[in-house]
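**Student:** Provide a 3D model corresponding to the input given below.
(one chain, ligands or ions: 1)
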Amino acid sequence: MASPTALISETQAWKDLKGHVEDINKTHLRDLMSDAHRCESMMLEFEGLLLDYSRQRATVETMDKLLNLAKAAQLPEKISRMFNGEHINSTENRSVLHVALRAPKDAVIKADGKNVVPEVWNVLDKIKDFSDKIRSGSWVGATGKPLKDVIAIGIGGSFLGPLFVHTALQTDPESAECAKGRQLRFLANIDPVDVARNISGLNPETTLVVVVSKTFTTAETMLNARTLRNWITTALGAPAVAKHMVAVSTNLALVEKLGIDPNNAFAFWDWVGGRYSVCSAVGVLPLSLQYGFSVVEKFLKGASSIDQHFQSTPFEKNIPVILGLLSVWNVSFLGYPARAILPYSQALEKFAPHIQQACELSLSFVSMESNGKGVSIDGLPLPFETGEIDFGEPGTNGQHSFYQLIHQGRVIPCDFIGTVKSQQPVYLEGEVVSNHDELMSNFFAQPDALAYGKTPEQLQKENVSENLIPHKTFSGNRPSLSLLLPELSAYNVGQLLAIYEHRVAVQGFVWGINSFDQWGVELGKVLATQVRKQLHSSRTQGAAPEGFNYSTTTLLKRYLE
Ligand code: F6P
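**Tutor:** Take a look at the predicted model:
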């Protein structure tokens with residue numbers, strides 16, 4: 001067995017940054033922001049997308065030290081190893097090639113010596129063909145009616161990414177035009193309430209069910225699939241499954257076992273991690289059924305543009321690299337355990353939940369499942385924290401809930417995401433500004449409020465009464481970054497997704513962890529299996545709960561009563 005690589009925290013580059021924290025602690029963002037030269041160096045642009053990270057608690061020197069850390073962590077080599085299809089997901093012995101899912105047709109990306117791009121495009125072509133048939137009505141349901149509604153069943157990565165993209169495209173005029181008369185719904189939770197909500201108002205005769213599961217063993221998805229199969233067959237008879245149910249999976253044998261024709265299955269591969277699978281058939285099929293393949297192709301092209309930027313741009317101008325390094329700085333050096341993702345765009349309401357996937361909430365999925373680890377890739381316990389607690393809510397909604405805490409309570413680095421153009425502009429006569437300008441006024445104001453704060457001296461000048469001064473003081477010095485997109489088209493949504501995916505990878509590469517496995521979700525699943533067995537024997541044989549601790553036994557008894 002190869003000897004473990006030294007932890008990144010043992011390198012000089014890490015120690016230099018540790019020492020540098022003291023220098024930063026002597027600064028305030030108020031002062032850092034007055035240096036125009038520094039601020040100018042902290043703006044990055046790519047295809048009209050602007051990243052401003054001048055409100056991070058960092059100087060030009062910090063950035064140099066972070067770039068040194070990237071070198072010490074062998075970041076360039078690790079990125080190349082990912083794009084070259086090496087088995088960087090070592091605990092599962094797999095390549096990590098979601099970049100191949102959006103590569104142009106003529107690209108060559110190899111896994112285990114074989115170019116995977118032609119296989120990717122075979123599936124994409126099959127999706128285009130199938131979604132064209134469904135959308136045009138040339139494929140009809142068992143009673144001859146067109147299938148205008150789709151329920152996609154899946155959970156975790158087989159749900160959150162597609163939901164985020166769907167939510168983002170719903171109000172994009174071009175995408176919305178292509179979706180006219182169609183509905184796309186997502187069934188994830190095993191809670192029967194989620195089933196009830198999904199089928200409410202839908203007719204099995206006009207509904208197509210897409211079962212999405214990488215493994216095709218996930219308990220929630222399989223039970224939901226059986227439940228909807230029953231919904232269809234009860235109404236239309238068993239043969240209707242052939243017309244009304246299709247699948248997306250890496251496990252075609254199990255697809256057949258569920259009664260779905262493998263010809264109606266859309267494959268993907270074990271080198272696609274669940275939370276990185278939105279650009280595979282997992283997302284592309286349901287989204288193409290709703291919006292048409294040409295819209296989804298633009299989304300893939302947007303993601304691919306960032307892949308190329310990530311792979312080929314020098315680190316100091318590389319958006320995902322800079323974002324990833326800043327996150328490492330905030331978490332491991334400045335000690336900020338959380339990050340708020342704050343899109344000033346209602347269409348991005350499901351972005352934070354997807355990135356959370358690190359915690360399985362919804363954008364937070366990508367980050368928290370990937371980087372919520374306690375050991376290095378070689379299994380050594382880590383003497384530093386990794387991963388962030390991601391959460392978020394679109395602005396301005398969030399301003400009326402948790403912003404109090406981020407302004408005067410805990411310090412939480414914030415990502416502000418906004419767009420120059422609105423998907424749905426509204427100008428009301430007599431108003432000072434358009435509705436989008438009103439929204440964006442907040443996008444521009446909040447980062448400065450966090451950075452500058454408000455001092456007791458300022459409050460005194462405003463004649464604020466002495467007893468209220470402590471309550472109205474804002475310490476400021478709270479870091480944030482701003483990402484301004486030209487608009488929220490399918491292309492830009494793809495770019496946003498890929499930026500965050502690669503940022504997460506950069507963090508994991510620097511920390512020296514495996515961002516592509518998720519062993520931490522297994523234990524709870526195993527224990528649920530034991531409970532399920534117990535519930536079965538209690539319900540069928542009246543057996544009393546046994547083998548559980550006092551607390552669980554008491555709760556189970558109460559539940560069974
Ligand atoms: O619970 C974790 C997880 O394995 C995720 O990583 C994955 O996206 C999700 O479950 C669903 O898995 P599957 O696509 O195999 O149903």
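**Student:** the closest residue to the ligand within the stretch 201-350 of the chain - how many residues pack around it?
**Tutor:** Among the residues of the stretch 201-350 of the chain, residue 274 lies closest to the ligand, at 2.4 Å counting by CB to the nearest ligand atom. Every C-beta, even on glycine, is put in place using the N, C-alpha and C of the backbone. Residues near residue 274, counting by other CB atoms under 10 Å, number 26.
**Student:** wait, what's in contact with the residue nearest to it when sequence neighbours are not counted?
**Tutor:** Closest residue to residue 274 apart from its sequence neighbours, by CB to CB, 6 or more residues apart in numbering: residue 157 at 3.0 Å. By CB atoms under 8 Å, 6 or more residues apart in numbering, the residues touching residue 157 are 214, 273, 274, 275, 276, 277, 278, 282, 357, 365, 369.
**Student:** how much space between residue 157 and the ligand?
**Tutor:** For residue 157, the distance to the ligand (CB to the nearest ligand atom, to the nearest Å) stands at 3 Å.
**Student:** give me the low-pLDDT residue ranges for the protein?
**Tutor:** 1-4, 357-365 (pLDDT under 70).
**Student:** got the residues of it near the ligand?
**Tutor:** Applying CB under 6 Å from any ligand atom, we find that the chain lies next to the ligand at 155-158, 213-215, 218, 221, 274-275, 369, 518, 521.
**Student:** got a PyMOL select line for the buried ones in those residues?
**Tutor:** Filtering the residues of the chain next to the ligand down to the buried ones (16 or more other CB atoms under 10 Å) takes a single PyMOL command:
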select buried, resi 155+156+157+158+213+214+218+221+274+275+369+518
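**Student:** and which of the residues of the chain next to the ligand is nearest residue 193?
**Tutor:** residue 155 (14.9 Å; CB to CB).
**Student:** so that closest one sits against residue 223, correct?
**Tutor:** No - if you go by CB atoms under 8 Å, residue 155 and residue 223 don't touch, sitting 10.7 Å apart.
**Student:** any chance of the contacts of residue 157 in a markdown table, with secondary structure too?
**Tutor:** Output for the contacts of residue 157, formatted as a markdown table (DSSP: H, G, I helix; E, B strand; the rest coil):
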| residue | secondary structure |
| --- | --- |
| 214 | coil |
| 273 | coil |
| 274 | helix |
| 275 | helix |
| 276 | helix |
| 277 | coil |
| 278 | coil |
| 282 | helix |
| 357 | coil |
| 365 | helix |
| 369 | helix |
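**Student:** now the strands for the chain?
**Tutor:** For the chain, strands defined by DSSP state E occupy the ranges 43-46, 49-52, 110-111, 114-115, 149-153, 183-187, 207-212, 245-249, 265-267, 338-343, 389-392, 414-419, 480-485.
**Student:** export those strands to CSV and tack on distance to residue 378 and mean neighbour count?
**Tutor:** CSV is the format used below for those (distance: least, CB to CB, whole Å; neighbours: other CB atoms under 10 Å):
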stretch, distance to residue 378, mean neighbour count
strand 43-46, 33, 15
strand 49-52, 33, 19
strand 110-111, 23, 18
strand 114-115, 28, 12
strand 149-153, 38, 25
strand 183-187, 38, 21
strand 207-212, 33, 26
strand 245-249, 32, 27
strand 265-267, 33, 20
strand 338-343, 27, 25
strand 389-392, 25, 24
strand 414-419, 31, 24
strand 480-485, 32, 22
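**Student:** can you check which of those strands gets nearest to residue 35?
**Tutor:** strand 43-46 (13.3 Å).
**Student:** ok, back up a step: the contacts of residue 157: which two are farthest apart?
**Tutor:** Using CB to CB for every pair in the contacts of residue 157, the one that comes out farthest apart is 282 and 369, at 15.0 Å.
**Student:** show me what residue 150 is bridged to.
**Tutor:** residue 184, residue 208 (DSSP bridges).
**Student:** residue 268 contacts residue 248, correct?
**Tutor:** Yes - counting by CB under 8 Å, residue 268 touches residue 248, with 6.9 Å between them.
**Student:** what is in contact with the two at once?
**Tutor:** Contacts common to residue 268 and residue 248, judged by CB under 8 Å, 6+ apart, are 280, 281, 282.
**Student:** ok, longest helix in the chain?
**Tutor:** helix 490-511 (DSSP state H).
**Student:** name the helices or strands packed onto it?
**Tutor:** Secondary-structure packing of helix 490-511 (3 or more CB pairs under 8 Å, 6 or more residues apart in numbering; DSSP states H and E): helix 60-72, helix 75-83, helix 160-169, helix 293-312, helix 319-328, helix 351-356, helix 364-371, strand 480-485.
**Student:** buried sites along the fourth one?
**Tutor:** Looking back up the chat, that one is helix 293-312. Buried residues in helix 293-312 (16+ other CB under 10 Å): 293, 295-300, 302-307, 309-310.
**Student:** what residue in this protein is the furthest from its centre?
**Tutor:** Going by CA atoms, centre = their mean, the residue of the chain most distant from its centre is residue 463, 46.2 Å out.
**Student:** tell me how far it lies from residue 469.
**Tutor:** According to CB to CB, to the nearest Å, residue 463 and residue 469 sit 11 Å apart.
**Student:** try residue 404
**Tutor:** Where residue 469 is concerned, residue 404 sits at a distance of 18 Å (CB to CB).
**Student:** those two - which one has more neighbours?
**Tutor:** Each of residue 404 and residue 469 has its neighbours counted (other CB under 10 Å); residue 469 has more, 17 against 10.
**Student:** now do the contacts for the more buried one.
**Tutor:** 456, 459, 460.
**Student:** same thing with residue 188?
**Tutor:** Counting by CB under 8 Å, 6+ apart, residue 188 has contacts 153, 154, 155, 159, 194, 220, 224.
**Student:** among the residues you listed, name the ones in helices.
**Tutor:** 194, 220, 224.
**Student:** just to check, residue 482 is in contact with residue 414?
**Tutor:** No - contact criterion CB under 8 Å: residue 482 and residue 414 do not qualify, at 9.2 Å.
**Student:** next, show the common contact partners of these two.
**Tutor:** Going by CB under 8 Å, 6+ apart, residues that sit against residue 482 and also against residue 414 are residue 447.
**Student:** list the residues that contact the nearest residue to residue 217 once chain neighbours are set aside.
**Tutor:** Nearest non-adjacent residue to residue 217, counting by CB to CB, 6+ apart: residue 254, 6.8 Å away. Neighbour list for residue 254: 215, 216, 217 [criterion: CB under 8 Å, 6+ apart].
**Student:** and for the second one, the neighbour number?
**Tutor:** This points to residue 216. Other residues close to residue 216 by other CB under 10 Å number 24.
**Student:** measure it to residue 331 for me?
**Tutor:** Residue 216 is 35 Å from residue 331, by CB to CB.
**Student:** who does residue 248 bridge with?
**Tutor:** Residues in beta-bridge contact with residue 248 (DSSP bridges): residue 212, residue 266.
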